[in-house]
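Chemist: My questions concern the predicted model and sequence given below.
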Amino acid sequence: DRNLIGTQSHMMGLDALGIDHVLAVTGDPARFGDLPDSSSVYDLTSFEMIRMIKQLNEGVSFSGKALKQKANFITGAAFNPNVKYLDKAVQRLERKIEYGADYIMTQPVYNPDLIIQIAEATRHLSVPIFIGIMPLASGRNAEYLHNEVPGIQLSDEVRKRMAGLEGEAGREEGVRIAEELLEAALPHFKGIYLITPFLSYDMTVKLTRYVWQKTSVAR
């Protein structure tokens, strides 16, 4: 939660360090973090953040002042398809692309039917969309994500399958569900990204192997 000056300074620092891939997100309100008494800062929307980054690529500050050098950022934007009205979410996504987003990363999706709906609703967009797949680790993990984390919504079927599962049994079922989601996503999108829960990298390894096997067969 940096203000406008801090955000622009941070971006200029990233450019100085040679870090040129960024994901511009509004983020959750501060009350959802580890310091709930801190204040949220809303100087910039995600749209304005993307515009700022693209202006830095032209050697221009947010206020329009010419800078001494140009940045070289590739800018991503977030997309939350777990909403009641998908068409309105796609309209917001179109605006982000108009502002200069080069690629899109979704919130984790837990419904194969929704994955196909997203593919159909965004087919007209030219930038790559990466579907987020985060395997569930347990029944408690599933309920926490569904009820407490903004932007994440599990299907009733997934919650039922994960109910009461803990330990290895929970992780195994979580991987099976993620494989089914990948099965739905791979034919429709140019890429996916895997989110590792609780540093359980073995789950990500299994899913990476699954993706390679599926895409090798396709090739």
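Modeler: Thanks, I have the structure now.
Chemist: Tell me if I'm right that residue 118 and residue 106 touch.
Modeler: Yes. In this structure residue 118 lies within contact range of residue 106 using Cβ atoms under 8 Å: 7.2 Å. C-betas here are computed from N, CA, C, even on glycine.
Chemist: what's the overlap in contacts for the two?
Modeler: Listed as contacting both residue 118 and residue 106 by Cβ atoms under 8 Å, 6 or more residues apart in numbering are 81, 129, 131.
Chemist: got CSV for those, with distance to residue 29, secondary structure and neighbour count too?
Modeler: Below are these laid out as CSV (distance: Cβ to Cβ, whole Å; DSSP: H, G, I helix; E, B strand; the rest coil; neighbours: other Cβ atoms under 10 Å):
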residue, distance to residue 29, secondary structure, neighbour count
81, 20, coil, 23
129, 26, strand, 22
131, 25, strand, 27
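Chemist: Helices of the chain, start to end?
Modeler: For the chain, applying DSSP state H gives helices covering 4-17, 46-57, 86-99, 112-121, 139-148, 156-162, 167-185, 201-218.
Chemist: Ok, which of the ones you listed comes nearest residue 68?
Modeler: Evaluated over these, closeness to residue 68 peaks at helix 4-17, with 10.6 Å, by Cβ to Cβ.
Chemist: May I see the buried residues of that closest one?
Modeler: 7-8, 11, 14-15 (16 or more other Cβ atoms under 10 Å).
Chemist: what does stretch 94-111 give?
Modeler: Applying 16+ other Cβ under 10 Å to stretch 94-111 flags 96-97, 99-111 as buried.
Chemist: just the residues you listed now: which is nearest residue 170?
Modeler: residue 110 (14.7 Å).
Chemist: What residues does the residue sitting furthest away from the middle of the chain make contact with?
Modeler: Ranked by distance from the centre of the chain (Cα atoms, centre = their mean), the top residue is residue 68, with 32.6 Å. Neighbouring residues of residue 68 by Cβ under 8 Å, 6+ apart: residue 59.
Chemist: What's the separation between it and residue 53?
Modeler: 17 Å (Cβ to Cβ, to the nearest Å).
Chemist: Then residue 31?
Modeler: For residue 31 relative to residue 53 (Cβ to Cβ), the value is 27 Å.
Chemist: More neighbours: these two, which one.
Modeler: Neighbours were counted for residue 31 and for residue 53 using other Cβ atoms under 10 Å; residue 53 has more, 25 against 11.
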